[in-house]
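A.B. asks: turn this into a model:
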Amino acid sequence: MTEHPYGPEWVRRDAIAADGIRLAYWSAGEGHPLILIAGQAVDHRSWQIAGPMLLPGRRVIVFDHRGIGDSELGDADRFTTRLFADDIVRILDDAAVERADVLGHSMGGRVAQWLAADHPDRVRRLVLASTSAGDAHGTRRTDEVDRAIRSPDPEVVASVFWDESGRDLVRLLAVGRDRTALARHHRASRHHDSLADLSRISAPTLVLHGEHDELTPVDNARILDEHIPTARLTIVKGARHGIVLDGGLGLQIADRFLRRGLPS
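C.D. replies: Take a look at the predicted model:
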């Protein structure tokens, strides 16, 4: 997987993580940088609709989490969302980006919380989409939804992310195949708990959520909104978990928010 599915203008590079592993990332465009953080065990192809749509007037960066896609697994026995955030700092350093806008989806939103809390000087504006402060807080998904997300039927999985009109978008859910990496990603997401640190996020933040998100119920968005001092909450009617991936209204709202304060 060396050619980028979005087009030849996307250039591949490798950053080096703190433990010496390679982290694959791709970038295209010119202007203020925006980095997109994918969900649990999903590689950079999840942005193949959203990435090009966000590109005009910007430099957009997408990447593979450690253990997923073209990035190496490393020797860490325990992955954490905070470790993933530290990996992103290495990517920003390699890309010579001092400060970026950040859009994190699902587990990527959990990672983005640590990036903004631990490295506030690296984040200009932040979008947290379809995410939460951790499973210990708010409403958890039902057993039925949990079974659906683990289904071998791609259409069943897609039904958690989009309504019937979006079932063909299952191609965006490009999950890694390494069982060790999948287990470590699942554990990292499950043990995420940023609630006590959300008050340290200083970047202007949009908490963006789908009204009908059953994977991460909407009450979780309200908790983020309550605990992040700079947050504003937008709930998109009728939307499900894949709110920014399909290039629809959710992405348009995120795009407008992220462009504020940039040269026109």
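A.B. asks: every contact and neighbour count from this point should use C-alpha atoms.
C.D. replies: Fine.
A.B. asks: list the residues that contact the residue nearest to residue 203 when sequence neighbours are not counted.
C.D. replies: Residue nearest to residue 203 in three dimensions, not counting chain neighbours: residue 125, with 5.3 Å by CA to CA, 6 or more residues apart in numbering. Listed by CA atoms under 8 Å, 6 or more residues apart in numbering, the contact set of residue 125 reads 100-102, 203-205, 258.
A.B. asks: which of these fall in helices?
C.D. replies: When DSSP state H is applied, the contacts of residue 125 are split such that residue 258 fall in helices.
A.B. asks: can you give me the strands in the stretch 101-250 of the chain?
C.D. replies: In the stretch 101-250 of the chain, the strands defined using DSSP state E, counting those that start in this stretch lie at 123-129, 205-210, 231-236.
A.B. asks: what's near enough to touch residue 57?
C.D. replies: By CA under 8 Å, 6+ apart, residue 57 lies in contact with 29-32.
A.B. asks: same question, residue 258
C.D. replies: Residues in contact with residue 258 (CA under 8 Å, 6+ apart) are 101, 125-127.
A.B. asks: for it, give its distance to residue 60.
C.D. replies: Computed as CA to CA, to the nearest Å, the residue 258 to residue 60 distance reads 12 Å.
A.B. asks: so who does the spatially closest residue to residue 94 that is not a sequence neighbour touch?
C.D. replies: Among residues not flanking residue 94 along the chain, residue 15 sits closest, at 5.6 Å (CA to CA, 6+ apart). Residue 15 sits next to 22-25, 90-91, 94 when contact means CA under 8 Å, 6+ apart.
A.B. asks: quick one on the thing from earlier: Throw the strands of the stretch 101-250 of the chain into TSV and include distance to residue 64, thanks.
C.D. replies: Below are the strands of the stretch 101-250 of the chain laid out as TSV (distance: least, CA to CA, whole Å):
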stretch	distance to residue 64
strand 123-129	18
strand 205-210	23
strand 231-236	27
